[in-house]
Structure formats: C-alpha cells, structure tokens
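# Here's a sequence, model it:
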Amino acid sequence: MNHLECRISRHLLELMFGLSRAYLRRGSLREAQYFTDQVRDLAEALNASALICHALARNGELAMLQGKLEVGLEEVVQLNQKLEGVSGTDVADIYRVRGDLEQKGTLNGRRRSTL
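Below you'll find the model as predicted:
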C-alpha cells in the first residue's frame with residue numbers, strides 16, 4: 001500500500017469512528033454499532049491489529065450500553081486473542097473498556113446471586 005492509500009485509509013477509519021461516537025452521543029446505539037462494524041471490517045481488510053482491537057473494544061462497550069453483557073464479554077474474549085500484537089497508547093482505551101465490561105459482569109453476577 002502506498003503513502004496515499006495509507007492516508008486515505010487512516011482518514012476513512014477516523015471518520016467512521018467519529019460517526020460512531022457522534023451517533024452514540026445522540027443515543028443511536030444501532031447506528032453507532034453499524035459504523036463500528038464497518039471500521040472492524042476495514043481494519044481486518046487492512047490487517048491493522050490495533051484498529052481491530054479498538055473496534056472490538058467499542059463493540060463491547062456498545063453491547064454493554066445496550067444491556068447485552070454476554071455479547072460484550074464475547075468481544076473481550078476476541079480482544080484477548082488479538083491484543084497480543086498491540087502495544088502503545090492504543091491499548092489504554094482497550095483496557096478501560098475491558099475493565100468496564102468485567103466490572104459490570106461481576107456486579108450483575110453478584111446481583112443475581114443475592115436474588
């Protein structure tokens with residue numbers, strides 16, 4: 001991939017992540033999920049492991065916000081498999097989402113066991 005293709009791909013990914021964040025702020029989780037899925041598909045086509053992990057983390061976060069904790073935890077399992085090749089600042093947001101999902105799962109498990 002030449003320099004121009006790389007720049008176009010990077011900006012396209014940033015645009016789709018931006019659209020996902022904008023729809024999330026508006027409360028449109030389905031549309032935010034759509035753009036996050038598009039980012040993941042493009043990142044997989046480009047073999048960009050950091051962006052794949054970021055998209056998986058975002059999908060897990062969106063699933064958690066929708067109350068689909070099991071789906072979010074499945075995303076965390078996929079993250080653990082892909083996270084081995086990722087380092088640097090990209091990992092911070094991924095770990096934050098993973099921690100949120102695990103904490104929410106633990107809290108829901110405690111509520112169920114006390115009922």
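# Please report how far Gly18 lies from Arg7.
16 Å (Cβ to Cβ, to the nearest Å). Yep, even glycine has a C-beta here, placed from its N, CA and C like the rest.
# same question but for Lys82, I mixed them up
24 Å.
# Could you check which of these two is surrounded by more residues?
Counted by other Cβ atoms under 10 Å, Lys82 and Arg7 do not tie: Lys82 has more neighbours, with 16 against 10.
# How about the more buried one: what's its closest non-neighbour residue?
Nearest residue to Lys82 in three dimensions, chain neighbours excluded: Cys53, at 5.2 Å (Cβ to Cβ, 6 or more residues apart in numbering).
# can you list the residues that contact the helix or strand harbouring that neighbour?
Cys53 is part of helix 49-65, with elements assigned from DSSP states H and E. For helix 49-65, the external contacting residues (Cβ atoms under 8 Å, 6 or more residues apart in numbering) are 13, 17, 20, 24, 29, 32-33, 36-37, 39-40, 43-44, 69, 71-73, 75-76, 78-79, 82-83, 85-86, 88, 90-91, 93-94, 97-98, 100-101, 104.
# Report the buried members of these.
The neighbour count (16 or more other Cβ atoms under 10 Å) marks 13, 17, 20, 24, 32-33, 36-37, 39-40, 43, 69, 72-73, 75-76, 78-79, 82-83, 86, 91, 94, 97-98, 100-101, 104 as buried among the contacts of helix 49-65.
# which secondary element of the chain has the worst mean pLDDT?
The helix or strand of the chain with the lowest confidence, counting by mean pLDDT, DSSP states H and E, is helix 90-114 at a mean of 66.
# Residues touching whichever helix or strand Phe17 is part of, excluding its own?
Following DSSP H and E, one finds Phe17 within helix 3-26. For helix 3-26, the external contacting residues (Cβ under 8 Å, 6+ apart) are 1, 29, 31-33, 35-36, 38-39, 42-43, 46, 48, 51, 54, 58, 62, 65.
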